[in-house]
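*Asks:* Sharing a model prediction with you, sequence too.
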Amino acid sequence: MALRAILILRADQRFAQSTTPFGLKALEIRVKTSMEGWSKVRVETGKPPLRLGLIGCGRVAQQCHLPALRALTSIELVAVADSDSARLGQVADRSGVQRRYGDYRAMLNDGGIDVVAVCAPPEFHAEMGLAVLDAGQHLFLEKPLALTVSDADRLVDRAAATAGKAMTGFNLRWHRLIRHAQTIIAGGDIGTAVTMHTVFTSATAFPAQASTWRRRHDLGGGVLFDLAIHHFDLWRFLMKSDVEEVFARRRCDERGAECVTVSAVMANGVLVTSSFSHGVSDTNEMEICGARGRLSLSCYRFDSLRVRANGAPPGAVRSWAMGAIGALRSAPQAAGQLLHGDDIIASYRMQWGHFIDAIRNDAPVACGFEDARRALRVTLAAAESASRSQPVKVMQAGGAPEQIAASAPLSGTSG
């Protein structure tokens with residue numbers, strides 16, 4: 001039976017800023033026969049893989065982080081912790097991990113771990129994050145950083161006082177099209193940005209009778225902490241400016257289909273409008289209009305990035321042709337991503353590659369706790385605005401989620 005072997009120089013850091021030319025960690029040999037699937041053999045070229053401990057075996061860990069981590073040779077999952085024994089066993093068995101803990105503190109105390117990923121529900125982020133930092137391990141903390149500014153302050157201060165690296169999980173910063181858009185905007189192709197419009201929605205809804213933290217704003221549930229905070233971070237990432245003021249309106253029906261619209265003014269004058277919803281459709285799009293042109297993209301379509309110069313007639317053949325050419329140019333890169341899943345899973349993989357490279361080379365982390373604190377402030381300001389039906393200055397917002405939830409019921413229309 002004929003064999004076909006492909007040598008892949010694994011460059012975990014091809015699309016993230018790296019202090020090394022290629023971020024090379026290992027040689028990976030893949031062998032495929034006509035009847036068998038791909039098998040993978042890792043040949044280490046230098047340092048052994050970082051040892052990872054995972055806290056929280058829920059949806060985001062199983063569907064996003066673990067598939068991304070399996071494609072990386074420079075990190076290895078060695079321990080998992082979750083208070084749900086069935087879920088813990090399922091993830092550990094599937095990942096071939098022997099070290100399993102019902103209490104994350106026991107995992108931290110046992111040692112033998114270099115990096116800890118906290119993927120537990122948001123109400124535990126501050127407590128668990130501080131414990132990891134105190135244990136002297138590198139910390140990857142899923143968004144949101146915390147549920148209150150005071151807890152975020154503690155995490156920022158503690159991370160600054162430790163030698164380890166600390167990073168927040170805003171994977172969309174590493175999305176292939178977002179990175180491309182950032183380059184286009186920074187290069188001046190659309191001129192000075194004037195307006196930005198984004199939409200992030202999910203078909204998933206959380207009915208009122210469901211007993212889950214995702215229905216409770218005081219525990220970090222709701223569309224603002226689930227979806228909107230990702231775009232609040234991207235506002236800053238793409239516009240290179242902080243958010244000054246927000247105004248939000250919110251509604252939620254009996255199906256659990258929550259919708260929030262947010263308008264904002266950024267420090268550089270850019271005006272932003274965004275819509276975020278549960279229980280409608282799966283959409284993740286943005287459009288940025290500048291003095292010279294317009295950029296648009298969908299994170300769910302590999303060929304969606306379009307740039308159109310101002311003055312070009314809508315629907316003009318030239319504009320369509322330029323978009324098609326751009327899509328063709330990106331096709332080889334997109335195809336490479338699809339071999340490992342899709343652009344979303346690839347964004348998690350690139351995010352982890354960046355964090356690993358920062359640890360290995362003692363390099364700065366591109367999405368640190370300060371970035372996460374600023375995104376949290378915008379989220380809290382939007383929640384406060386929705387409950388009060390008036391604009392809120394971001395730096396003046398300080399309401400805790402439980403206070404906001406008390407004045408904004410999970411059904412009906414706020415304001």
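*Replies:* Yep, it's here. Numbers count the residues shown, from 1 in each chain.
*Asks:* For residue 220, what are phi and psi?
*Replies:* The main-chain torsion angles of residue 220 are listed as degrees, to the nearest 10 and equal phi 90, psi 20.
*Asks:* Could you count how many residues lie near the nearest residue to it once chain neighbours are set aside?
*Replies:* Counting by CB to CB, 6 or more residues apart in numbering, residue 122 is the residue found nearest to residue 220 once chain neighbours are left out, at 2.7 Å. For every residue, glycine as well, the C-beta is placed using N, CA and C. Applying other CB atoms under 10 Å, we find 21 other residues in the vicinity of residue 122.
*Asks:* Same question for residue 347.
*Replies:* 26.
*Asks:* so what's it up against?
*Replies:* Residue 347 makes contact with 171, 172, 173, 174, 175, 176, 178 under the criterion CB atoms under 8 Å, 6 or more residues apart in numbering.
*Asks:* if I look at the fourth one, how far off is residue 363?
*Replies:* Put plainly, it is residue 174. 15 Å (CB to CB, to the nearest Å).
*Asks:* before we move on, what about residue 145?
*Replies:* With distances taken as CB to CB, residue 145 is found 21 Å from residue 363.
*Asks:* Can you pick out the residue with more neighbours from those two?
*Replies:* Under the neighbour definition other CB under 10 Å, residue 145 and residue 363 were set side by side, and residue 145 has more, 33 against 16.
*Asks:* ok, which stretches of the stretch 251-400 of the chain are strands?
*Replies:* 258-266, 271-278, 283-290, 293-298, 306-309, 392-393 (DSSP state E, counting those that start in this stretch).
*Asks:* Then the stretch 51-200 of the chain?
*Replies:* Chain-ordered strands for the stretch 51-200 of the chain, with DSSP E, counting those that start in this stretch as the definition, fall at 75-81, 99-101, 115-118, 138-142, 166-169, 193-202.
*Asks:* Mean pLDDT and mean neighbour count added to these, as TSV?
*Replies:* As requested, the strands of the stretch 51-200 of the chain are exported to TSV (pLDDT from 0 to 100; neighbours: other CB atoms under 10 Å):
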stretch	mean pLDDT	mean neighbour count
strand 75-81	98	22
strand 99-101	98	18
strand 115-118	98	26
strand 138-142	98	26
strand 166-169	98	26
strand 193-202	98	19
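*Asks:* Give me the below-cutoff pLDDT ranges for the stretch 201-350 of the chain.
*Replies:* Counting by pLDDT under 70, the stretch 201-350 of the chain contains low-confidence residues at 207-211, 256, 314-341.
*Asks:* ok, now with 90
*Replies:* Filtered on pLDDT under 90, the stretch 201-350 of the chain yields the residue ranges 204-219, 252-257, 311-342.
*Asks:* and if you look at the stretch 51-200 of the chain?
*Replies:* Checking the stretch 51-200 of the chain against pLDDT under 90 turns up 111.
*Asks:* who are the neighbours in contact with residue 106?
*Replies:* Each residue near residue 106 by CB under 8 Å, 6+ apart is listed here: residue 81.
*Asks:* Can you tell me how far residue 377 is from residue 92?
*Replies:* Distance of residue 377 to residue 92, computed by CB to CB: 37 Å.
*Asks:* Turn the contacts of residue 347 into CSV, including neighbour count.
*Replies:* Shown next, in CSV, are those (neighbours: other CB atoms under 10 Å):
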residue, neighbour count
171, 24
172, 21
173, 23
174, 22
175, 23
176, 22
178, 21
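*Asks:* which one of those sits closest to residue 65?
*Replies:* Residue 65 has its nearest neighbour among the contacts of residue 347 in residue 171, at 9.1 Å by CB to CB.
*Asks:* Excluding chain neighbours, give the residue nearest to that closest one in space.
*Replies:* Leaving aside its chain neighbours, residue 171 sits nearest to residue 347 (4.5 Å; criterion: CB to CB, 6+ apart).
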